[in-house]
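Participant: structure, please.
(2 chains)
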Amino acid sequence: KNEVEQSPQNLTAQEGEFITINCSYSVGISALHWLQQHPGGGIVSLFMLSSGKKKHGRLIATINIQEKHSSLHITASHPRDSAVYICAALFGNEKLTFGTGTRLTIIP
Amino acid sequence: NAGVMQNPRHLVRRRGQEARLRCSPMKGHSHVYWYRQLPEEGLKFMVYLQKENIIDESGMPKERFSAEFPKEGPSILRIQQVVRGDSAAYFCASSTGTTRSPNTQYFGPGTRLTVL
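Facilitator: Below is the predicted model:
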């Protein structure tokens, strides 16, 4: 069964802290997306990666194919980073299977 | 270069009415995906379409729901005889569908459907 699990479900941190959100999946995938959703808002695609590591500004995404695990890191976190972060896996076909999301709150 | 467009952004319907949700993919994108996010739940796949073809509708309820992506115009997700349980945010995403797979999916702002 194609499954995606995220942890933690909720994360509260002080401004400036280094943030890590984890994602594990059950079987081999063709790619993994990291998405950001603000309350009541739309969804922004942050990264799509199949291997290795990608960086955009203060955001870093890594994936370990052998361990079936991906992480999203935020350096120097800021209150505007507060959002729900969702990982979503492509299990060979074109449809995404989503994790339940991590609700991140950054306190000034 | 406009992103994925969805309209309306908010839609209110009474039980038994029809809801039509529209999605215009990014320019140059020929693949459209519809996802549903029920209140306090995660996103779930509904249907995947290419121009004039439904590729995968395994996530779509068998009754009352239909989707199309005509040769011209936006993709339409149609819900007939809506019920309260249809209240959700419906997101559309698009991708290029090039042979270089996998393709990044770009999401629209969503349509929030409320059924009274």
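
Participant: partner residues bridging A:Tyr25?
Facilitator: Beta-bridge pairing of A:Tyr25 under DSSP bridges involves A:Val4.

Participant: what's opposite B:Arg112 in the beta bridge?
Facilitator: With DSSP bridges as the rule, B:Arg112 is bridged to B:His10, B:Ala89.

Participant: got a list of what it touches?
Facilitator: Taking Cβ atoms under 8 Å, 6 or more residues apart in numbering or on different chains, we find B:Arg112 in contact with B:9-11, B:88-90. Where you see a C-beta, it was placed from the backbone N, CA and C, and this is true even at glycine.

Participant: same thing with B:Pro109?
Facilitator: B:Pro109 touches A:41-42, B:4, B:6, B:9, counting by Cβ under 8 Å, 6+ apart.

Participant: pick out the most distant pair among those residues.
Facilitator: Maximum pairwise distance among those (Cβ to Cβ): 14.0 Å, between A:Gly41 and B:Val4.

Participant: low-confidence stretches in chain B?
Facilitator: B:1, B:98-102 (pLDDT under 70).

Participant: coming back round to it: out of the contacts of B:Pro109, who's nearest B:Gln50?
Facilitator: Proximity of the contacts of B:Pro109 to B:Gln50 (Cβ to Cβ) peaks at B:Val4, which lies at 15.5 Å.

Participant: stretch B:58-66 near chain A anywhere?
Facilitator: Yes. Judged by Cβ under 8 Å from any Cβ of the partner chain, stretch B:58-66 comes into contact with chain A at B:58-59.

Participant: how about that stretch, which residues are buried there?
Facilitator: B:59-60, B:65 (16 or more other Cβ atoms under 10 Å in any protein chain shown).

Participant: quick one on the thing from earlier: ok, so of the contacts of B:Pro109, who is nearest B:Gln17?
Facilitator: For the contacts of B:Pro109, the nearest to B:Gln17 is B:Arg9 (18.1 Å; Cβ to Cβ).

Participant: who's the residue nearest to the spatial centre of chain B bridged to?
Facilitator: Geometric centre of chain B, nearest residue: B:Trp34, 3.4 Å, by Cα atoms, centre = their mean. Note on B:Trp34: beta-bridge partners by DSSP bridges are B:Val47, B:Cys92.

Participant: any of the contacts of B:Pro109 buried? List them.
Facilitator: A:42, B:4, B:6.

Participant: once you drop chain neighbours, what's closest to the first one?
Facilitator: I take that to be A:Gly42. Spatially, and ignoring its direct neighbours in sequence, A:Gly42 is nearest to B:Pro109 (3.7 Å; Cβ to Cβ, 6 or more residues apart in numbering or on different chains).
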